[in-house]
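Asker: No letters, just coordinates:
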């Protein structure tokens, strides 16, 4: 089949819509995740999303619902247990190891197709059906609406938490809410790039954007653009050769990061 013929297939169009929605959510959340130094937390949350997805496979329910439940549980645990900055890494490490171990156990008990197991780890965007797409769109809408309401105090607390506390900003509550939002976005991203490569959408585009601008608004806009290019571009590049989508999504995302890092380095040299 030609490239244009492939674009006319229903599952390809559904995959492209799903990737576009995920790119928007990941791009908007990414700069705040990077600012709050939560990259490791995203990875830990993705492991619980993997566990939830594996449990859903075992129980015969939708993988998206299982991944969403696992991510929300992980986010709440991270928000509650890591009350001190010094505790964060150890708590994430413990949750990550537990989630990965339980996920492997559940996959071992699952007797279905091996491709379903592999898809949890590396993504299976072509397997997204209309039900999954509806869940993705509704969940993404909820994330964006909640973020819009809390963005200003959350950004204040992210940049200068000590001053935010002294001004009466509910920093702890905002941290838990934001962790849940990140958990939801992580669970949604697992369907595209899998639990192992979720950082390619949640972190890399934002890290690239923040290499070329210090403006929060411009960084968010660029992060969304980069995430869209990586997610949608990865799918388009994978169609004709039939290569894994997740590999190309991560490759595009990393190339964007390298280019932005180079631009940032050149700018600093010019200024010096």
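Answerer: Right, received. Where do you want to start? Not measured: the values here are computed from a predicted model. Numbers count the residues shown, from 1 in each chain.

Asker: C-alpha from now on. contacts and neighbour counts both.
Answerer: Noted.

Asker: Setting aside sequence neighbours, what's the nearest residue to residue 220?
Answerer: residue 28 (5.6 Å; CA to CA, 6 or more residues apart in numbering).

Asker: Please enumerate residues in contact with stretch 18-36?
Answerer: Stretch 18-36 has contacts (CA atoms under 8 Å, 6 or more residues apart in numbering) with 39, 125, 128, 133, 136-137, 140, 143-144, 155, 158-159, 182, 185, 188-189, 192, 201-203, 205-207, 210, 216, 219-228, 230-232.

Asker: Narrow those to just the buried residues.
Answerer: 39, 125, 128, 133, 136-137, 140, 143-144, 155, 158, 182, 185, 188-189, 192, 201-203, 205-207, 210, 219-228, 230-232 (16 or more other CA atoms under 10 Å).

Asker: Low-confidence stretches in the stretch 1-150 of the chain?
Answerer: By pLDDT under 70, the low-scoring segments of the stretch 1-150 of the chain are 1, 82-87, 112-129.

Asker: where exactly do the helices run in it?
Answerer: With helices called from DSSP state H, counting those that start in this stretch, the stretch 1-150 of the chain shows them at 3-7, 10-35, 39-59, 63-81, 88-109, 114-122, 130-159.

Asker: likewise the stretch 151-272 of the chain?
Answerer: Here the stretch 151-272 of the chain has its helices, by DSSP H, counting those that start in this stretch, at 161-166, 171-193, 199-202, 204-212, 216-239, 245-271.

Asker: Any chance you could list what contacts the first one?
Answerer: By CA under 8 Å, 6+ apart, the list of residues contacting helix 161-166 from outside reads 153, 156-157, 171.

Asker: Go through it and flag the buried ones.
Answerer: For helix 161-166, using 16+ other CA under 10 Å, the buried residues are 161, 164.

Asker: can you check the last one too?
Answerer: Of the residues in helix 245-271, those buried by neighbour count under the rule 16+ other CA under 10 Å are 245-250, 252-254, 256-257, 260-261, 264.

Asker: Out of those, which comes closest to residue 92?
Answerer: Proximity of the buried residues of helix 245-271 to residue 92, judged by CA to CA, is greatest for residue 250, which lies at 23.0 Å.

Asker: one step back: wait, which of the helices of the stretch 1-150 of the chain is closest to residue 239?
Answerer: Nearest to residue 239, of all the helices of the stretch 1-150 of the chain, is helix 3-7, at 7.1 Å by CA to CA.

Asker: Determine how far the closest one lies from the middle of the whole chain.
Answerer: 28 Å (CA atoms, centre = their mean, to the nearest Å).

Asker: cool, and stretch 253-267?
Answerer: The answer for stretch 253-267 is 21 Å, by CA atoms, centre = their mean.

Asker: which residues sit against that stretch?
Answerer: 200-201, 204-205, 207-209, 211-212, 226-227, 229-230.

Asker: pLDDT of that stretch, averaged?
Answerer: On average, the pLDDT along stretch 253-267 is 91.

Asker: Contacts only, for residue 156.
Answerer: Going by CA under 8 Å, 6+ apart, residue 156 touches residue 164.

Asker: Pull the number of nearby residues for the residue lying closest to residue 135 once chain neighbours are set aside.
Answerer: With sequence-adjacent residues excluded and distances taken as CA to CA, 6+ apart, residue 135 is closest to residue 64, at 7.7 Å. Using other CA atoms under 10 Å, residue 64 has 25 other residues around it.

Asker: same deal with the one 5 residues further on?
Answerer: By other CA under 10 Å, the residues close to residue 69 number 21.

Asker: any idea how far it lies from residue 269?
Answerer: Relative to residue 269, residue 69 is positioned 47 Å away (CA to CA, to the nearest Å).

Asker: Could you double-check that residue 184 sits in contact with residue 72?
Answerer: Yes. The criterion here is CA atoms under 8 Å, and residue 184 meets it with residue 72 at 6.4 Å.

Asker: Just want to know which of these two has more residues nearby.
Answerer: residue 184 (27 against 24).

Asker: Return the residues in contact with the more buried one.
Answerer: Here residue 184 is in contact with 68, 71-72, 139, 143 (CA under 8 Å, 6+ apart).

Asker: Apply 10 Å and report the result again.
Answerer: 25, 45-46, 49, 67-72, 75, 136, 139-140, 142-143, 178 (CA atoms under 10 Å, 6 or more residues apart in numbering).
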